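> build me a structure from this.
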Amino acid sequence: MANPNEITPHLFRTEYSKIVAVLCKTFDIKHIEIAEDIASETFLKASEYWAVNGLPDNPAAWLYTVAKNKTKDYFKHLSIIEKNKLAEITTAEKELQEIDFDTKNISDSQLEMIFAICNPINSQETQIGLALQVLCGFSVEEIANAFLSKTETIKKRLQRGRNALRAHHFKIDSLSEQEIHERLETVLATLYLLFNEGYFSKTNDLLIRKDLCLEAIRLALILIDNQFTNTPNTNALLALMCFQSSRLEARINDKGEAILFDEQDEALWDKALIEKGNYYLIEACQTHSNEVSKYHLEAGIAYWHTSPAGKDKWLHILNLYNQLIIIEYSPVTALNKAFAFSKVYGNEKALIEAEKLNLITSEYYHGLLGYLYSELNIDKAIHHYEEAIRLTKSKLEKQTLQKQIHLLKQSN
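Now for the predicted structure:
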């Protein structure tokens, strides 16, 4: 029998945003907070009821029914307080009887919700943050880590963003083709951050959060199903997600410890997901446009990571990183490029390139130097691994780094 304490957080991640989106769209709730409160109360009741009575046969359907009932209670309460809104309330209650949490309505609502939140009235960072919070269920801490910012800074930014949407008469509505194209870049950036938090979580004791990866893929598929959002960049992003997801099972052992790429069991790679990645990457490249986005390049890198080893494999990866770093520089890209450089030209030459970066406050920088020094100077390798341990907040990362130190000491 499934444990409610284990399944409720997963359902919260996958169903909370669906409930919020459908309620906002159906009842034209200008204040997102009202829909969020109803969704939160729904999950509070679920956690209390399921703990005593066990899980229902269809937990999602149970949640949708409770959400509808709580929405009805909200309008009844509103009718008592504000009798002058009786006509509006009666209309809403009529719609309540017709609302259906079917797959199409949920998909349409979420698609329209994310584009409504990605409103140019706010900065792009604020748009992404709000989408991650409202549509994807991210906590403020998770968003702060995604942006490498302080929690308080993100909290204030999100509140200002909500106030701006409210003042702009926030409404879930169908958008024109032009509006969709204007906002699509921000939407894709949001899904990219969502997937990355699942693929390599920095805010949880779990290194990998598959529910976030699956949610990002689900939302990307919604974009693929819409003629206006089924673009080369969308296909490239989905290809990247498929390639990366194909290796999830090989990245963690039975003890929950991270497995480095060189040590992964390729038999555990999901061949079906790799094939889907190939399909969407081909779709992404079937256009007369010469535009190559960062999603194309990262998907290409992920493709080569899932390809059989060959003498030119890492050279292809390094060339793609060279292009990527020109399009969009980031410390993580620079470190990954240095790792690929070591695979092509050796650790000694790669160290020269890596140390130029001088990212002394990054655990990933010290982790890379630890790896590169492992074959050249064990003492220096251990020193950098210890620095990485000091800097990282992840319990699992600390365990992985400690394991590397242990292996080095054994070989010394």
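
> hang on, isn't Pro120 packed against Glu182?
Yes. If you go by C-beta atoms under 8 Å, Pro120 and Glu182 touch, sitting 6.8 Å apart. Glycine gets a C-beta too; all of them are placed from N, C-alpha and C.

> pLDDT score for Pro9?
What the model reports as pLDDT for Pro9 is 69.

> hang on, I meant Asn322
Looking at Asn322, its pLDDT stands at 97.

> what sits against it?
By C-beta atoms under 8 Å, 6 or more residues apart in numbering, the contact set of Asn322 is Lys337.

> name the helix or strand for it, please.
Applying DSSP states H and E as the criterion places Asn322 in helix 313-327.

> return the set of buried residues in that helix.
Counting neighbours by 16 or more other C-beta atoms under 10 Å, one finds that the buried residues in helix 313-327 are Lys313, Trp314, His316, Ile317, Leu318, Asn319, Leu320, Tyr321, Leu324.

> helix or strand for the nearest residue to the third one once chain neighbours are set aside, which one?
In this case it means His316. Counting by C-beta to C-beta, 6 or more residues apart in numbering, the nearest residue to His316 once its immediate chain neighbours are dropped is Trp304, at 5.1 Å. Using DSSP H and E, the element containing Trp304 is helix 294-305.

> what helices or strands is that helix leaning on?
Packing partners of helix 294-305 (3 or more C-beta pairs under 8 Å, 6 or more residues apart in numbering; DSSP states H and E): helix 232-245, helix 271-285, helix 313-327.

> now distance to Lys403 too, for those, in a markdown table please.
As requested, those are exported to a markdown table (distance: least, C-beta to C-beta, whole Å):
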| stretch | distance to Lys403 |
| --- | --- |
| helix 232-245 | 23 |
| helix 271-285 | 28 |
| helix 313-327 | 24 |
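
> please report how far the nearest residue to Gly161 once chain neighbours are set aside lies from Tyr364.
The shortest distance from Gly161 to any non-neighbouring residue, by C-beta to C-beta, 6+ apart, is to Thr126 (4.0 Å). Using C-beta to C-beta, to the nearest Å, we find Thr126 at a distance of 27 Å from Tyr364.

> which ones are touching the residue nearest to His316?
Applying C-beta under 8 Å, 6+ apart, we find Trp304 in contact with Lys313, Trp314, His316, Ile317, Leu320.

> now do the helices in the stretch 1-150 of the chain.
Residue ranges of the helices in the stretch 1-150 of the chain, as given by DSSP state H, counting those that start in this stretch, are 4-27, 32-53, 59-81, 86-98, 103-117, 124-134, 140-146.

> got it, and the stretch 151-300 of the chain?
In the stretch 151-300 of the chain, the helices defined using DSSP H, counting those that start in this stretch lie at 151-167, 177-199, 210-224, 232-245, 271-285, 294-305.

> closest one to Ala60 among those?
Ranking the helices of the stretch 151-300 of the chain by proximity to Ala60 (C-beta to C-beta) places helix 210-224 first, at 13.4 Å.

> by contact count, what packs against that closest one?
helix 4-27, helix 103-117, helix 177-199, helix 232-245.

> list of residues touching stretch 365-376?
By C-beta under 8 Å, 6+ apart, stretch 365-376 touches 331, 335, 338-339, 342, 347-348, 350-351, 354-355, 357, 359-360, 380-385, 387-388, 391, 401, 404, 408.

> how many other residues sit next to Gln399?
Using other C-beta atoms under 10 Å, the number of residues around Gln399 comes to 15.

> which non-adjacent residue is nearest it?
Glu257 (5.7 Å).

> again with Phe228
For Phe228, ignoring the flanking residues on the chain, the nearest one in space by C-beta to C-beta, 6+ apart is Ile180 at 4.7 Å.

> thinking the one you found is in contact with Thr229, fair?
Yes. Contact criterion C-beta under 8 Å: Ile180 and Thr229 qualify, at 6.3 Å.

> lowest mean pLDDT across the helices of the stretch 1-150 of the chain, which one is that?
Among the helices of the stretch 1-150 of the chain, helix 86-98 carries the lowest mean pLDDT, a mean of 51.

> okay, now Glu141: neighbour count?
By the criterion of other C-beta under 10 Å, Glu141 has 14 neighbours.

> from Thr333, how far out is it?
Separation of Glu141 from Thr333 (C-beta to C-beta): 24 Å.

> Asn119 now?
Note on Asn119: its distance to Thr333, by C-beta to C-beta, is 29 Å.

> again with Leu165
If you measure Leu165 against Thr333 using C-beta to C-beta, the figure is 32 Å.

> more neighbours: the two, which one.
Leu165 (23 against 18).

> please name the nearest non-neighbouring residue to that one.
Nearest residue to Leu165, sequence neighbours excluded (C-beta to C-beta, 6+ apart): Asn119, at 6.4 Å.

> what of Phe12?
Once flanking residues are discounted, Phe12 sits nearest to Phe43: 5.5 Å by C-beta to C-beta, 6+ apart.

> am I right that the one you found is in contact with Arg13?
No. Using C-beta under 8 Å, Phe43 is not in contact with Arg13; the gap is 10.7 Å.

> tell me the pLDDT at Thr203?
Note on Thr203: pLDDT of 58.

> hang on, the earlier thing: the helix holding Trp304 to helix 232-245, inter-axis angle?
Using axes from the mean of the first three to the mean of the last three C-alpha atoms, to 10 degrees, the inter-axis angle of helix 294-305 relative to helix 232-245 is 30 degrees.

> give me the mean pLDDT for helix 294-305.
The model assigns helix 294-305 a mean pLDDT of 96.
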